[in-house]
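K.L.:
take a look and give me a structure for this.
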Amino acid sequence: MSIYIGNLSYEATQENLTQVFAEYGAVKRVQLPTDRETGRLRGFAFVEMGTEAEESAAIEALDGAEWMGRDLRVNKAKPREERGSSGGGGWGGQGGSSRRY
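P.N.:
Below is the predicted model:
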C-alpha cells in the first residue's frame with residue numbers, strides 16, 4: 001500500500017518528504033515522479049510506510065495541511081491501471097465535434 005500526495009511543491013525533495021512522514025511512522029520509500037522531457041517534478045509523490053495504521057495516521061494528519069506554501073491532498077494511492085497496447089487513445093465517437101480540449 002502507498003500514499004498519494006498531490007498538489008506538492010516543485011521544491012519538495014525525498015529527504016524533506018521523508019522527514020514529514022516519519023512523524024507518523026517508518027517510511028519505507030518515497031517516489032517523486034519527474035517529467036521525462038524536462039526532468040521537472042510533476043507535483044505529486046508516493047510514500048510507502050511500514051504499516052496501514054501509520055499510513056492512515058499520516059493521511060488523517062496531512063490531508064489538507066499547508067506545506068511549502070501549498071495545501072496538500074493526501075490519500076491512499078489507487079492501483080495503477082494497466083495501459084493497453086491498442087493505441088486507441090480513448091477518444092471514441094466520430095468526427096471532431098465530440099472532442100474536448
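
K.L.:
give the buried residues for the helix or strand harbouring residue 58.
P.N.:
Assessed by DSSP states H and E, residue 58 sits inside helix 52-62. Across helix 52-62, burial judged by 16 or more other Cβ atoms under 10 Å covers 54-59, 62. In short, each C-beta sits where N, CA and C put it, glycine included.

K.L.:
TSV for these, including distance to residue 16 and pLDDT?
P.N.:
Converted to TSV, these look like this (distance: Cβ to Cβ, whole Å; pLDDT from 0 to 100):
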residue	distance to residue 16	pLDDT
54	18	97
55	19	97
56	22	97
57	19	97
58	14	97
59	18	97
62	13	97
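
K.L.:
turn these into TSV, including distance to residue 36.
P.N.:
What follows is the buried residues of helix 52-62, written out as TSV (distance: Cβ to Cβ, whole Å):
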residue	distance to residue 36
54	32
55	28
56	33
57	34
58	29
59	29
62	28
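
K.L.:
quick check, nearest of those to residue 75?
P.N.:
residue 59 (6.0 Å; Cβ to Cβ).

K.L.:
what sits closest to the closest one if chain neighbours are left out?
P.N.:
Leaving aside its chain neighbours, residue 59 sits nearest to residue 74 (5.2 Å; criterion: Cβ to Cβ, 6 or more residues apart in numbering).

K.L.:
how about that neighbour, what does it touch?
P.N.:
By Cβ atoms under 8 Å, 6 or more residues apart in numbering, the contact list for residue 74 reads 3-6, 58-59, 62-65.

K.L.:
list buried residues within these.
P.N.:
Buried among the contacts of residue 74 by 16+ other Cβ under 10 Å: 3-5, 58-59, 62.

K.L.:
returning to that earlier point: secondary structure class for the residue nearest to residue 59?
P.N.:
Assigned by DSSP: H, G, I helix; E, B strand; the rest coil, the conformation of residue 74 is strand.
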